[in-house]
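K.L.:
okay, sequence plus prediction incoming.
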Amino acid sequence: MMRYKKITIMLMLAVFLFAIAAASASDVNDTIVAGEDTGQIELSVSNEMAADNLKTNEENITLTQADNCEIIGADGIGTFSELQKEIDNAVNGSLNLTRDYQWDSDFTGYGIVINNPITINGNGHYIDASGKIRIFELKAKSDVILDDITFKNGNTDGCGGAINVWYDLSNSSFTNLNFINNTAADNGGAIRFRYSSTNNTFENIIFENNTDKKDGGALYIGAKSLSNTFTNVDFINNLAKGNGGALYIKETSTSDTFENVAFENNTVPTKDAGAINFHGKVDGVTFNEVSFINNRAEKRVGGAINIDAGIVNSVFNKSFFFDNVAKTGGALGITGTISSLTFEDTLFINNTALTDDGGAINIGPWAHSDLTNTTFKNVLFANNTAAQNGGALFVTKNTKSNTFEDVIFVNNTAKGRDGGAIRFGALNYQFTTQDNTFDKVIFANNTANKNGGALYVTGVSTSNAFEYMIFANNTAKNTDGGAINFYKAVKNTTFNEIIFYKNSAPKSRSGAVNFDKGMENSIFNNTLFVDNSAKITSVITLSGVTSSNTFENTEFLNNTAQNYLIYINNATSDNVIKDSIFLNNNASQINVKNGNIQLTDNWFGNNATNYDVNPNVNDNLDNWLFLNATASPAAINLNQTSTIKFKFYSFDNNTKTIKEYDKSVLVFLELDSTLGLVNTPIALINEEITYTPSQEGNGTVTARHLNAYYTITIENSKIPTVIKPAAESYEVYVDDTCGNLAVLQNEDGNNITEEYTLTYTSNNESVVKIVNDSFVAVGEGSAIITVSFNGTDRFAAAESKTINVSVKKIPTEIVSSAVTTVYNVDKNLVITLKDVKGNSVSGVDITVDLNGAKTYTTDKNGQVKVPTKGLAPKAYTAKITFKGNAKYVNSSKSVKVTVKKAASKIVAKSKTFKTITKTKKYAITLKNNIGKPISKAVVYLKVAGKTYKATTNSKGKATFKITKLNKKGNFKATVTFKGNKYYKKVTKKVTIKVKQVWKTVSKGSKESAKVKKIQRALKNNGYYLTYQGHYLKVDGIYWDCTVRSVKEFQHDKGLKVT
């Protein structure tokens, strides 16, 4: 499945590329992204990158051009003569410039001479030669440090307009320098190394507007360049009338490093290398984040770079070739041996070969050269143009053991001839394309005027591998091979998991691939040909010897041509097309002019309804596949699923038999369904699909692949149901309510959780009534409840079930306890009527026979309260009866009620009588237990040995008439009530006092003499009277209150006043 996923993702990327097909280089601002595992490429192309790589900003270059800002030292502008002296007299080989310097007419040398190692710190100052002479004659051989200086307007008839290095120079440093408007008549418009440069550092430097009339518009190295480092260096608008508009290296360049370097607008009008010319071999050189923009060598080779003697062990990483122009090799021209060269994360955009080959790269422009052991990884070739061959890449000779991985060729053009993106080999030279690997490469929107819209291979192609690729929308305008044209034989080559989409050869053959000299021992596997078109053969033409080739698991879809889908001119034995798909092709014939080809188990759109109809695509068609499907099970309920599997079967046209076909063929089936849903919109052959029904009826699942389809039917039935009563019968009491009578289950005995409605009916509503989904017992008797389910859209009707209900009256119980009370006490006999469940029964009549029958009605608590107050003291039996009714069963009970005699109370006080009173009346009060008087009760008083009898009146008062008590003294008396049938016996002890009386006073007497006598009499008898705190005294001091006191005394003591 991984390979299918890769193809799908690559196709999505191809669609994206078509969307940008019309974009110019200046509009390439998009990012093409793909992971390593998916066969996609990750590249970012934008003008912002170009701007960043120029590094002409304050972050990368700290110098300021002298023309724009002149820093004047404290001493004013110095002269060349003065600077020469300062250098000659530098202490410890170190010099700090404090001012700018300008040429003076008194200076007679060819330039300021530096003979020894020195460090010159310019502190931002400039040295201006005014166009008169060279600036420095550098004769030291090592350890020269030049920092923070601007060299401008140097000019010489010799070499090195600013600096001429006389000898081999090593271990030196050139940092933070500007070389502006310098000119040389010989080599090196700004700097010329006469001999080798070794282990030198060039950092934060601008070479701008420098000119040389020979080689090296800015920098010339006249011998070897070894282990030099160029970092943050800009070469801008430099010109060489010889070779190397910016840089020229005469001999070998070994282990040099270019880091974050920009070459922009450098030019050679008539010779090679708009930016860099490597005249010697390049070995182990690294270009990292180097940009080449708008460099030009319009008359010769290499708009950006020309390499004359080969390149090995070198790397271009994260570099950018944009808008470079040359006669041939618009960006890069390489002649000589090429091996172990790597291009990674690098962009070639909008480069042009004006009159010849290789819009971006030309391998072998001067002498035929091989491209070997080279790796292109994560590289983009976009909008490059060659006037003749190889819109992006042209190789003149052999192409061996190279790797193209994660590379995109888009919108490249070969205007005159062949290979819209790539051409391998020149027609006049025999060569081989061998052991190359194309892995996850995209060719999109490339155009060749003649052959090979994307790729043209001239020589024999052997043991090459093309894997996980896309050829999309490529065009061979006038000749063959909309995507690829192989001019000579192809042998032992693998095409694996490739998409050919919308490629065209509108005036000739082979919309996808053209083989001019046939193909041998090669294979197309898991390859997709879609919407390709040509005038004659829509997909593939095999014109030469064709033997032992296999097309397997390959799809041919929607391809168009006037004649054939596939044309084979000379087919020998063992050519096979098998396990492949041919659908909706306008040109449907597979034509074999000489020989034959075996067509085995291919699908031409047949299905189970027309499986035996011959597709007629070839005379030798003995068998073919047809699409069928299985459903397991084929009949399902709405709560079940069916597993659908679309699969191929093989029909033998000779024997008219059908056999199983179990191979894996890449076919994406679009699915749709009726009366249900499938779990995926797209499925593969033999993939299990789950169909879930939604409606009753004959549901279908249809699988389509372009114009081919097959439909399978599944019988959908409602879900069978069973009514499951909670119980088969109920015994209940009147007024009981029962719910949850039944549930609906499926045939597996599982409760149905979806909404449904059960219907309940009672055959005797005087006994049982249905309320919603419950029944209520309304009367004694029997009833049958019928439960039914009529079905829904999803559930089938169920067989009705019955429930038997027996309803009884509710048993009752009288609850009451024996009562013991006292006569006249307000205590009730409490009676509660409850049903069998312990519930109180209210509102019914209960008869209570307690000293006479009486009927009571139970309250809300089921109670009645029978009073016992007033019952004569004795033991009673209360007979309690509930007669029952339509709802309740009768019940009865007897309860003991005991009434005891009440206590009584004698209210009597001690009393004093006078001896002179003959009949002494003594009154008491007899009260009952609740404080009420007891009337008509006989009470007795025993005093001084005599017993007196009296009867209480209505107020409970009895008055005894004591006649035998005339002596002075205190007498103990007992009052007794002997009790009766209602009250208990009670006695009371009291004291009766009898005292003597001395004298009486006439009422109203106010004579003081009499009063005094009374006072003396009272005092003599032990009375010492007070009144409101005042003593009554004989001296008469309180006469005003004496009368009142006497009266009070008389009143209190009961003295009779005569």
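P.N.:
Happy to help now that I have it. Numbers count the residues shown, from 1 in each chain.

K.L.:
give me the number of residues near the nearest residue to D186 once chain neighbours are set aside?
P.N.:
Distance criterion CB to CB, 6 or more residues apart in numbering; nearest residue to D186, sequence neighbours excluded, is C159 at 4.2 Å. To be clear about C-beta, it is placed using only N, CA and C from the backbone, and glycine gets the same treatment. If you count neighbours by other CB atoms under 10 Å, C159 ends up with 26.

K.L.:
now do N559
P.N.:
29.

K.L.:
which residue ranges make up the domains of the protein?
P.N.:
Residue ranges for the domains of the chain, per automatic domain parsing: 2-54, 627-717, 721-808, 812-898, 905-995, 1008-1053.

K.L.:
that's a helix at Q84, yeah?
P.N.:
Yes. Looking at Q84 with DSSP: H, G, I helix; E, B strand; the rest coil, it is inside a helix.

K.L.:
report pLDDT for it.
P.N.:
Looking at Q84, its pLDDT is 97.

K.L.:
ok, and the closest non-adjacent residue to it?
P.N.:
I112 (5.0 Å).

K.L.:
what packs against the helix or strand hosting T802?
P.N.:
Using DSSP states H and E, T802 falls within strand 798-808. Secondary-structure packing of strand 798-808 (3 or more CB pairs under 8 Å, 6 or more residues apart in numbering; DSSP states H and E): strand 721-725, strand 729-733, strand 742-746, strand 774-777, strand 781-789.

K.L.:
so what strands line up beside that strand?
P.N.:
In the sheet, strand 798-808 lines up against strand 729-733 (parallel), strand 781-789 (antiparallel) (DSSP bridges).

K.L.:
how much distance is there from that strand to the middle of the chain?
P.N.:
54 Å (CA atoms, centre = their mean, to the nearest Å).

K.L.:
what residues sit buried inside it?
P.N.:
Buried positions in strand 798-808, judged by neighbour count with 16 or more other CB atoms under 10 Å: A798, K801, I803, V805, V807.

K.L.:
before we move on, back to that, winner for burial among the helices and strands packed on strand 798-808?
P.N.:
Highest mean neighbour count among the helices and strands packed on strand 798-808 (mean count of other CB atoms under 10 Å): strand 774-777, with a mean of 20.

K.L.:
that strand packs against which elements?
P.N.:
With contacts taken as 3+ CB pairs under 8 Å, 6+ apart, strand 774-777 sits against strand 737-738, strand 768-771, strand 798-808.

K.L.:
give me that answer again for 7 Å
P.N.:
strand 737-738, strand 768-771 (3 or more CB pairs under 7 Å, 6 or more residues apart in numbering; DSSP states H and E).

K.L.:
give me the contacts around that strand.
P.N.:
Strand 774-777 is contacted by residues 732-739, 741, 760, 762, 767-769, 785, 805, 807 when judged by CB atoms under 7 Å, 6 or more residues apart in numbering.

K.L.:
now those residues: which count as buried?
P.N.:
By 16+ other CB under 10 Å, these give 732-734, 736, 738, 741, 760, 762, 767-769, 785, 805, 807 as buried.

K.L.:
make CSV out of the residues you listed and add pLDDT and distance to F292.
P.N.:
Conversion of these to CSV gives the following (pLDDT from 0 to 100; distance: CB to CB, whole Å):
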residue, pLDDT, distance to F292
V732, 93, 101
Y733, 92, 104
V734, 92, 106
D736, 91, 99
C738, 95, 94
L741, 93, 90
Y760, 95, 91
S762, 96, 99
V767, 94, 105
V768, 95, 100
K769, 95, 99
I785, 96, 96
V805, 96, 100
V807, 95, 105
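
K.L.:
would you mind confirming that D272 makes contact with N306?
P.N.:
Yes. Contact status for D272 versus N306: in contact at 4.0 Å, counting by CB atoms under 7 Å.

K.L.:
got the contact list for L95?
P.N.:
So L95 contacts E86, I87, I118, I120 (CB under 7 Å, 6+ apart).

K.L.:
bridged to it, which residues?
P.N.:
I120.

K.L.:
do you know how far D370 is from G364?
P.N.:
Going from D370 to G364 by CB to CB, to the nearest Å gives 8 Å.

K.L.:
okay, helices next: where are they in this protein?
P.N.:
2-19, 47-54, 80-88, 1008-1020, 1039-1053 (DSSP state H).

K.L.:
packing partners of the third one?
P.N.:
Packing partners of helix 80-88 (3+ CB pairs under 7 Å, 6+ apart): strand 112-114.

K.L.:
which helices and strands sit right next to the strand it packs on?
P.N.:
helix 80-88, strand 136-138.

K.L.:
repeat that for 10 Å
P.N.:
helix 80-88, strand 136-138, strand 163-165 (3 or more CB pairs under 10 Å, 6 or more residues apart in numbering; DSSP states H and E).

K.L.:
most tightly packed of the ones you listed?
P.N.:
Highest mean neighbour count among the helices and strands packed on strand 112-114 (mean count of other CB under 10 Å): strand 163-165, a mean of 28.

K.L.:
with distance to D439 added, can I get the helices and strands packed on strand 112-114 in CSV?
P.N.:
Converted to CSV, the helices and strands packed on strand 112-114 look like this (distance: least, CB to CB, whole Å):
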stretch, distance to D439
helix 80-88, 59
strand 136-138, 50
strand 163-165, 46
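
K.L.:
among those, which is nearest N378?
P.N.:
Taking CB to CB, strand 163-165 is the member of the helices and strands packed on strand 112-114 nearest to N378, at 38.6 Å.

K.L.:
using CSV, write out every CA atom in stretch 171-187.
P.N.:
In CSV, the C-alpha atoms belonging to stretch 171-187 read as follows (Å, rounded to 0.1, in the frame of the first residue of the first chain):
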residue,chain,number,x,y,z
ASN,A,171,47.7,32.5,5.6
SER,A,172,46.4,36.0,4.9
SER,A,173,43.2,37.7,5.7
PHE,A,174,41.1,40.2,3.6
THR,A,175,38.1,41.3,5.7
ASN,A,176,35.5,44.0,5.6
LEU,A,177,36.8,45.5,2.4
ASN,A,178,35.2,47.3,-0.6
PHE,A,179,36.7,47.2,-4.1
ILE,A,180,34.9,49.8,-6.1
ASN,A,181,35.5,51.0,-9.7
ASN,A,182,39.0,49.5,-10.1
THR,A,183,40.4,48.7,-13.6
ALA,A,184,43.2,46.6,-15.0
ALA,A,185,44.4,46.1,-18.6
ASP,A,186,45.7,42.7,-17.9
ASN,A,187,44.2,40.3,-15.3
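
K.L.:
now that stretch: average pLDDT?
P.N.:
On average, stretch 171-187 scores 98.

K.L.:
in that stretch, which residues are buried?
P.N.:
Here stretch 171-187 shows 172, 174-187 as buried, counting by 16+ other CB under 10 Å.

K.L.:
need the contact list for the nearest residue to F651 once chain neighbours are set aside.
P.N.:
In this structure, F651 finds its nearest non-sequential neighbour in Y611, 5.2 Å apart by CB to CB, 6+ apart. Y611 is in contact with W624, L625, F626, L627, N628, Y649, S650, F651, I658, Y710, counting by CB atoms under 10 Å, 6 or more residues apart in numbering.

K.L.:
return a PyMOL selection command for the buried portion of the residues you listed.
P.N.:
Buried residues within the contacts of Y611, by 16+ other CB under 10 Å, are selected in PyMOL with:
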select buried, resi 624+625+626+627+628+649+650+651+710
